[in-house]
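*Asks:* Fold the stuff below for me.
(one chain, ligands or ions: 1)
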Amino acid sequence: MDNQVRGMRMQLRKTGPAASRSWRRSLVSAAAAVAVGATTAATAATGATAAAPARATSHAKFTIALVPGLTTDPFYITMQNGAEAEAKKLGVNLTWQGGATFSPSTQLPVVNSLLAKHPSALLIAPTDVKALQAPIARFRAAGIPVISVDTTITDTSLLVSRITSNNFQGGEAAAQTIARLAHGKGDVAVINVNPGISTTDARQAGFLAAIKKYPNMKVVATEYDNDSPTTAESQAKNLILAHPDLVGIFGTNLYSAEGAGQGVVASGKKGKVFVAGYDAEPAEVKLLKQGVIDILVVQQPAVEGRDGVLFAYDYLTGHKSAIPKSVLVPNVIATTATASDPSVAKYYYSSTLAK
Ligand code: T6T
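*Replies:* Numbers count the residues shown, from 1 in each chain. Predicted structure coming up:
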């Protein structure tokens, strides 16, 4: 069984993170099988290697801590559900603790108090590329492996791995959709969260790069809503008033997109000012189906959570070489036309924690 797992891990290195879900599942079950039957197999056939003692005992002793960007966001709730399902399969403990807002000021105290509890591994969505580096370095100094999920930090050498979506490509897709709907001309604007967030910065960069390819289109403004849908809504209304040639708004995350959509409705501009957004919580999906939002770039947070737990488990059980340094999970594009298609709808986020 050890050889089977190793063979699969070799395949992971060859095929990369885009390995199919079913293949992933077989890796997980094979790994779990090793965990169950390892005591005798490891010592009898191969002789105990350095990694064998960890695999030979119950992994319930491992506690993996997941710190989301914030706890109330369906994106992170869905991530936690994916992580929890994987933790159950592997027989490890998973804790979930985070701030109530997407901000270093609420995330830092959580991270600092977690260090004192000394979890076996930390999965974290850092709310700022710089502010979380020092605390993450302290985990590393304490021998605790850290994996970033969703967002990351500038100094990636502090991380065992980083798992995120293809954010730049998502921004490009948003721009291309608005450009197509607006026949390649007009003004566009971005409503972003805050500068210094790896994911949304990359989405904005992808959007700006793609719009540059349309000579008759111009980015007239970039607003920051501090992750507030109400702020994003007023910003959208103001943008519409200030720019009569506005044909599109890109909301770079869940709350920015939701607010942009509401602002377009309140201004009576549905179908005139196109909205491209990110993520897929219920209110956004409703706006997508109504044709207020034209495209949602949907992520796979459950896959990010699942892989985070799996990589932490690999690290803790002595399979460090099987862990990819960086994973880009593909996006799923949902449009008003495809919004109710089950093959798309299965990626929509959950607002409730599964238990
Ligand atoms: O878009 C996600 C996440 O990817 C981003 O890093 C922060 O915002 C969200 O959580 C959505 O609110």
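
*Asks:* what does this protein put close to the ligand?
*Replies:* 69, 73, 75-76, 150-151, 199-200, 253-255, 278-279, 299 (CB under 6 Å from any ligand atom). All C-beta atoms are positioned from the backbone trio N, CA, C, and that covers glycine.

*Asks:* Let's have these in JSON lines, adding distance to residue 177, neighbour count and secondary structure.
*Replies:* Formatted as JSON lines, these follow (distance: CB to CB, whole Å; neighbours: other CB atoms under 10 Å; DSSP: H, G, I helix; E, B strand; the rest coil):
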{"residue": "69", "distance to residue 177": "25", "neighbour count": "27", "secondary structure": "coil"}
{"residue": "73", "distance to residue 177": "24", "neighbour count": "24", "secondary structure": "coil"}
{"residue": "75", "distance to residue 177": "20", "neighbour count": "24", "secondary structure": "helix"}
{"residue": "76", "distance to residue 177": "26", "neighbour count": "28", "secondary structure": "helix"}
{"residue": "150", "distance to residue 177": "23", "neighbour count": "27", "secondary structure": "coil"}
{"residue": "151", "distance to residue 177": "24", "neighbour count": "25", "secondary structure": "coil"}
{"residue": "199", "distance to residue 177": "19", "neighbour count": "22", "secondary structure": "helix"}
{"residue": "200", "distance to residue 177": "18", "neighbour count": "25", "secondary structure": "helix"}
{"residue": "253", "distance to residue 177": "17", "neighbour count": "26", "secondary structure": "coil"}
{"residue": "254", "distance to residue 177": "18", "neighbour count": "25", "secondary structure": "helix"}
{"residue": "255", "distance to residue 177": "20", "neighbour count": "29", "secondary structure": "helix"}
{"residue": "278", "distance to residue 177": "12", "neighbour count": "28", "secondary structure": "strand"}
{"residue": "279", "distance to residue 177": "15", "neighbour count": "26", "secondary structure": "coil"}
{"residue": "299", "distance to residue 177": "16", "neighbour count": "29", "secondary structure": "coil"}
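
*Asks:* of all the residues you listed, which comes closest to residue 182?
*Replies:* residue 278 (19.1 Å; CB to CB).

*Asks:* Just give the number of residues close to residue 338.
*Replies:* 15 (other CB atoms under 10 Å).

*Asks:* Now find how far off-centre stretch 271-285 is within its chain.
*Replies:* 18 Å (CA atoms, centre = their mean, to the nearest Å).

*Asks:* again with stretch 216-233
*Replies:* Per CA atoms, centre = their mean, the centroid offset for stretch 216-233 relative to its chain is 21 Å.

*Asks:* Pull the residues that contact that stretch.
*Replies:* 70, 101-103, 179, 182, 184-195, 204, 207-208, 211, 235, 239, 242-243, 246-247, 251, 253, 255-260, 262-263, 266 (CB atoms under 8 Å, 6 or more residues apart in numbering).

*Asks:* Buried residues, stretch 289-307. List them.
*Replies:* 292-307 (16 or more other CB atoms under 10 Å).

*Asks:* can you pull out the strands in the stretch 1-150 of the chain?
*Replies:* Under the criterion DSSP state E, counting those that start in this stretch, strands of the stretch 1-150 of the chain are mapped to 63-67, 93-96, 121-124, 146-149.
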